[in-house]
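>>> How does the following fold in three dimensions:
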Amino acid sequence: MDPMIARRTWRTAEPIHGMIYFTPEAGAEYRALGITGQAAYFASRAAPMGAVPAEVVIATFYNFRPELVRSAIPDAWTRATPEDIIAARVRGADAALRRALPDAVGTPELGEAATLARRAAEAACEHLDGRPLFAGHASLAWPDETHLVLWHAQTLLREFRGDGHIAALVAAGLNGLEAAITHVATGDVPSAVMLSTRAWPDDEWRAGIDGLQARGILEVGDTLALTPIGRAQRQWVEDATDAAAVVAYESLGTDECARFRALVRPYSKAIVESGLLGIPKP
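Numbering: from 1, shown residues only. Now for the predicted structure:
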């Protein structure tokens, strides 16, 4: 299979998973457990691995400042068990999807999409090696309702891809801070967003830039821009990430991947337009 098919298929369905980090329904569930703010993000995403120490979350989440993670973990585990947090996350996903997709829940089309996504996710589950965050999520029981099957499957596929992406970053010689900086340098995300969500202070961010410039990965200057070496490195990382994700989607094949994209495209569009991703409604 062409690795770009894996990329397109993941990207088309990504809002179905990604909304869980922004939706107020999930936030309300976590607050009821006494977990708020970014601590809810770290705890809810890490919970399938169990009550792990901060170091495990730092390693598996990769590009967050370690001190930010330590401000949330392990304190979150004193407020609620991983099992309670996982249950809260599922309830949040259920409520959010019912709000965003009121006419799709329970339909044959959504059921077909869920079946295809589950097949791809179960194929990924045969390849746990070197994917610790994915493996934690893969250990969870499958939901019963089809809209939650679709959400859980896409969550698995996202974490499967994410662990492969981190492996590529490590192989490319980029640490978490450098990965964040080079991501900004691609133009895909503003530096203000990366700095605010990953909590890197100005001095550490500047030191990371200086190091990348010294290695010829970033252009020298005030604007973050990749050099030809940096662009080649980034392309290698993205190509390696795509190649590592192919095994999940090969179980569907090109035609069924296309069918899956056609089925989920309106769901992803509805989620984006609903504001569940933190994007204001048009």
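>>> hey, let's count contacts and neighbours off CA atoms from now on
Fine.
>>> show me where pLDDT drops low in the stretch 1-150 of the chain?
Low-confidence segments of the stretch 1-150 of the chain (pLDDT under 70): none present.
>>> Which parts of it are helices?
Along the stretch 1-150 of the chain, counting by DSSP state H, counting those that start in this stretch, helices occupy 3-18, 24-32, 37-46, 54-61, 66-70, 75-79, 82-100, 108-124, 132-138, 146-172.
>>> okay, those in TSV with mean neighbour count and distance to W200 next?
As requested, these are exported to TSV (neighbours: other C-alpha atoms under 10 Å; distance: least, C-alpha to C-alpha, whole Å):
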stretch	mean neighbour count	distance to W200
helix 3-18	20	23
helix 24-32	19	24
helix 37-46	22	14
helix 54-61	18	13
helix 66-70	18	9
helix 75-79	16	21
helix 82-100	19	27
helix 108-124	20	33
helix 132-138	22	23
helix 146-172	22	18
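>>> Could you dump the ones you listed into JSON lines with distance to D242 added?
JSON lines is the format used below for the helices of the stretch 1-150 of the chain (distance: least, C-alpha to C-alpha, whole Å):
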{"stretch": "helix 3-18", "distance to D242": "5"}
{"stretch": "helix 24-32", "distance to D242": "30"}
{"stretch": "helix 37-46", "distance to D242": "22"}
{"stretch": "helix 54-61", "distance to D242": "19"}
{"stretch": "helix 66-70", "distance to D242": "27"}
{"stretch": "helix 75-79", "distance to D242": "33"}
{"stretch": "helix 82-100", "distance to D242": "27"}
{"stretch": "helix 108-124", "distance to D242": "13"}
{"stretch": "helix 132-138", "distance to D242": "16"}
{"stretch": "helix 146-172", "distance to D242": "8"}
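>>> out of the ones you listed, which comes closest to V272?
helix 3-18 (6.9 Å; C-alpha to C-alpha).
>>> relative orientation of that closest one and helix 82-100 in degrees?
For helix 3-18 against helix 82-100, the angle by axes from the mean of the first three to the mean of the last three C-alpha atoms, to 10 degrees is 100 degrees.
>>> contacts for helix 3-18?
150-152, 154-155, 157-158, 239, 242-243, 245-246, 249, 254, 257-258, 260-261, 264-265, 267-268, 271-272, 277 (C-alpha atoms under 8 Å, 6 or more residues apart in numbering).
>>> how distant is it from the center of its chain?
The chain centre lies 11 Å from the centre of helix 3-18; the measure is C-alpha atoms, centre = their mean, to the nearest Å.
>>> Alpha carbons of that helix, in CSV - could you do that?
Below are the C-alpha coordinates for helix 3-18, written out as CSV (Å, rounded to 0.1, in the frame of the first residue of the first chain):
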residue,chain,number,x,y,z
PRO,A,3,2.0,5.1,2.7
MET,A,4,0.2,8.2,1.7
ILE,A,5,-3.1,6.3,1.8
ALA,A,6,-2.4,5.5,5.5
ARG,A,7,-1.7,9.2,6.1
ARG,A,8,-4.9,10.4,4.3
THR,A,9,-7.1,7.8,6.0
TRP,A,10,-5.8,8.7,9.4
ARG,A,11,-6.1,12.5,8.8
THR,A,12,-9.6,12.3,7.4
ALA,A,13,-10.9,10.6,10.6
GLU,A,14,-8.6,12.4,13.1
PRO,A,15,-11.3,14.9,14.4
ILE,A,16,-13.3,11.9,15.6
HIS,A,17,-10.5,11.2,18.1
GLY,A,18,-9.0,14.6,18.6
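>>> E204: which of the helices of the stretch 1-150 of the chain is closest?
It's helix 66-70; of the helices of the stretch 1-150 of the chain, that one is closest to E204 (C-alpha to C-alpha) at 12.0 Å.
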